[in-house]
Structure formats: C-alpha cells, structure tokens
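[1] A predicted structure for the sequence below; I have some questions about it.
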Amino acid sequence: MLASIAHRGSALILVLFVPLYLWLLHGMTGSPDHYAATLEWLHSLTGKLLLWLVGVALVYHFSNGIRFLCIDAGWAESRTMMVLSAKVVLAVAGLTAIMLAGLLL
Amino acid sequence: MSVMIKLSVFRHDPVGSSKPFMQAFEVPLLKPGMKLLDALNYIKWELDGTLTYRRSCGEGVCGSDGLNINGVNGLACITPIEGLKQPIHVRPLPSMQVIRDLVVDMDHFFDQYRQIKPWLQAESPLPEHERLQSPEDRARLDGSYECILCGCCTTACPSWWWNGDRFLGPAALLQANRWIVDSRDDATGERLDQVEDAFRLYRCHQIMNCMEACPKELNPTAAIGHIKRQLLSRKS
C-alpha cells in the first residue's frame, strides 16, 4: 500500500516538475543575465529542496516501475517477494534521499 | 478481576433515523488465544443483544465474518485479540452498503463472482467415472481454490472502491484465474474474452492491498498478473 501510494505520489511530483523544468530551461537559455539568475535560484534553499524532491521522486518512481514490470512479467510475484521488493525499493529511495541531501547541502 | 478488553464497534441501523456511531464496550479476556469473534459474541450474548454481525463456522472457513479491524480487513474468528491495539476499532468492510451494524450487502460482490462463471465448462464427453487431472495440473490450482469469498480483498482494493460497478475486483478475478488454469476446463478462450476489458480486469493497478488483506494468505495480485499474461500470450 505504502509503496503504491508513493509510486503515484512520485509520479505527481515528476509531472508537476515539468513546467518548472521548462521555466528553468527557458531561464538558462535566455541570456547570460537570466542564466546567472537561474543558477543563483538553483543554489538557493528552495531550489536545492526542489531538486532534492525531484531527484528522490525520480529514483523511487524508476525503481518501483522496474519492480512493477518484473511483477507484470511474473518474476518475484510471490507474497514474500512482493513485500520484500517493496521494502527494497523504499530503502533505495531512502538511501537516495540521504545521499542527495549530502550532495546538495 | 479479569483483564478487560476495550472495543469500539460501529453501530448503524439504516432503518432508524440515528446516524452511524462508534460504541465503546469492555469485554473480559475469557481465555488465552481469545479471538475477536469471541469478544463480539460476548457483547451480543451478555451486553447488548442488538449488535448485529455475520458469523458461522468460527474457524476461518465460511468467510462470513469479514470485518475491518483496526483499519485492516480480516476475519474476526481467526484474529487473536492479543496483539491488537486497544481500543479495537471494529467496522464493517469498507465501501460496502451497511444493512445493519457490521452486516454489509454482499449482493454485488457475489454477482461479480457469478459473472466469471465459477463452474467447470467442459465440452469433452463425460467420462465414465470422473475427469482426471495430473498432480502437476492439480497443483496449479493451489493458491486459488482456497479462497472462501469473505470479501476482505475486494473491499480493501482502492480500484474497486472507485470502479466497483465495472471492475470485477480481486476475489472474482482470483476465481476467474482458478478456472483459466484448470486443465479440465474447455472455456479458457471465453473466460479470457469475458475479462478482457479496460475496467473488468485492467483497473487493477497493482496496489496489492488484496494480497495484504487476504486472511487465507492468497495472492490475487499474482492471479490477475497471470490472466494479463495469458491475454498477452494469445495475442502474440
């Protein structure tokens, strides 16, 4: 249940990031001044927090997506493996969150 | 003085004008290994005879007493009191229409079960004695035939909460798979045709609540996955 809710939640974060990504792209390619301003914003606390959130969401959604594909293909579809794989994916996301926080801060 | 167990039980009489409410009860711990059904029976027989719930075999075989226990679906008769956080919140199965107190309307659930035609459809001539099956083919039914249709899985499924009118739900699909894998059945194609639908089958998004809720420790998610692969393999 938790793994599934987190999968939908991370998808929502990734979708909502698209306009922000386009805004960043637009800012960085507009002019040297815009580039500097966007870069400064990316280095602010808000920018770092958003990058962290999107990074964790991306890793989680990717890992859990692979897990879903494996289950679709009939691999690891026993009750034990379904629960274990969910825990592994959550652990990977947790580890990524810590590592990314260390990298960005 | 015996140890008392605190329960908070859902009460509702749709015929009356009162709104649903949670009623607190205290029940003595009657014996080691006491089950939740024992506590409900004590309430019914000693404290409040108006409490209404379904029960029959009392040992996890009939599937009558599927309830929502502390937010998790399960059978009252095989759920030990020990280990449950108190007060124990006992509610009817989620998303179901309440007939009274803990009794819900199972008509739609069983109608969906009927839709998958849960009986053997064989076209080959009837043998003199019985339709034989190899031990290997029989083993493929393990994990499906044990379903007691308690409804714990289906009523724990968010896809069924939202699209229960069209999505067949985990219990019916587990049973559909049980007949699809049965080597004696000759209607596999028709069975697959019947479930091949954006709603009837494909509303399952692998949330896996069904697997977690099943009191018989079955795996409807895997059964649904098997049906999807069967549909894919007949296309390729």
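    On my side now, so go ahead. Residues are numbered from 1 along each chain as shown, chains lettered A, B, ... in the order given.

[2] Please tell me how far B:Met34 sits from chain A.
    27 Å (Cβ to the nearest Cβ, to the nearest Å). Just so you know, the C-beta spots here come from the backbone N, C-alpha and C atoms, and that holds for glycine as well.

[3] Find the nearest non-adjacent residue to that residue, please.
    Closest residue in space to B:Met34, ignoring its immediate chain neighbours: B:Ile81 at 4.8 Å, by Cβ to Cβ, 6 or more residues apart in numbering or on different chains.

[4] Equivalent analysis for A:Thr38, please.
    Using Cβ to Cβ, 6+ apart, the closest residue to A:Thr38 is A:Gly27 (3.6 Å).

[5] so what's the residue nearest to B:Met34 up against?
    B:Ile5, B:Leu29, B:Met34, B:Lys35, B:Leu36, B:Asp38, B:Ala39, B:Ile88 (Cβ atoms under 8 Å, 6 or more residues apart in numbering or on different chains).

[6] The fifth one contacts B:His89, correct?
    This points to B:Leu36. No: at 11.1 Å, B:Leu36 does not count as touching B:His89 under the criterion of Cβ atoms under 8 Å.

[7] Residues contacting the host helix or strand of B:Gly189, please?
    Here B:Gly189 sits within helix B:188-195, counting by DSSP states H and E. Residues from elsewhere that reach helix B:188-195 (Cβ under 8 Å, 6+ apart): B:115-117, B:121, B:168, B:173, B:176, B:179-180, B:185, B:200-201, B:227, B:230-231, B:234.

[8] repeat that with 6 Å
    Here helix B:188-195 makes contact (Cβ atoms under 6 Å, 6 or more residues apart in numbering or on different chains) with B:Ala176, B:Trp179, B:Ile180, B:Leu201, B:Leu231.

[9] ok, now how distant is the second one from chain A?
    Okay, so that is B:Trp179. For B:Trp179, the distance to chain A - Cβ to the nearest Cβ - is 19 Å.

[10] now swap in the third one and tell me
    Counting by Cβ to the nearest Cβ, the separation of B:Ile180 from chain A is 14 Å.

[11] So which residues of chain B form strands?
    Applying DSSP state E to chain B gives strands spanning B:4-11, B:21-28, B:66-69, B:72-75, B:88-91, B:98-100, B:103-104.

[12] Check which residues of the helix or strand harbouring A:Trp23 are buried.
    Per DSSP H and E, A:Trp23 falls inside helix A:2-30. Within helix A:2-30, the residues scored as buried using 16 or more other Cβ atoms under 10 Å in any protein chain shown are A:Ala3, A:Ser4, A:Ala6, A:His7, A:Ser10, A:Ile13, A:Leu14, A:Phe17, A:Leu24, A:Gly27.

[13] So for it, mean pLDDT?
    Computed over helix A:2-30, the mean pLDDT rounds to 92.

[14] which is the next helix or strand following it?
    Following helix A:2-30 in sequence, per DSSP H and E, is helix A:32-42.

[15] which other residues reach that next one?
    Applying Cβ under 6 Å, 6+ apart, the external contacts of helix A:32-42 come out as A:Leu24, A:Gly27, A:Met28, A:Gly47.

[16] now the angle between helix A:2-30 and it, please.
    Here the directions of helix A:32-42 and helix A:2-30 differ by 150 degrees (axes from the mean of the first three to the mean of the last three Cα atoms, to 10 degrees).

[17] residues of helix A:32-42 that come out buried?
    In helix A:32-42, counting by 16+ other Cβ under 10 Å, buried: A:Thr38, A:Leu42.
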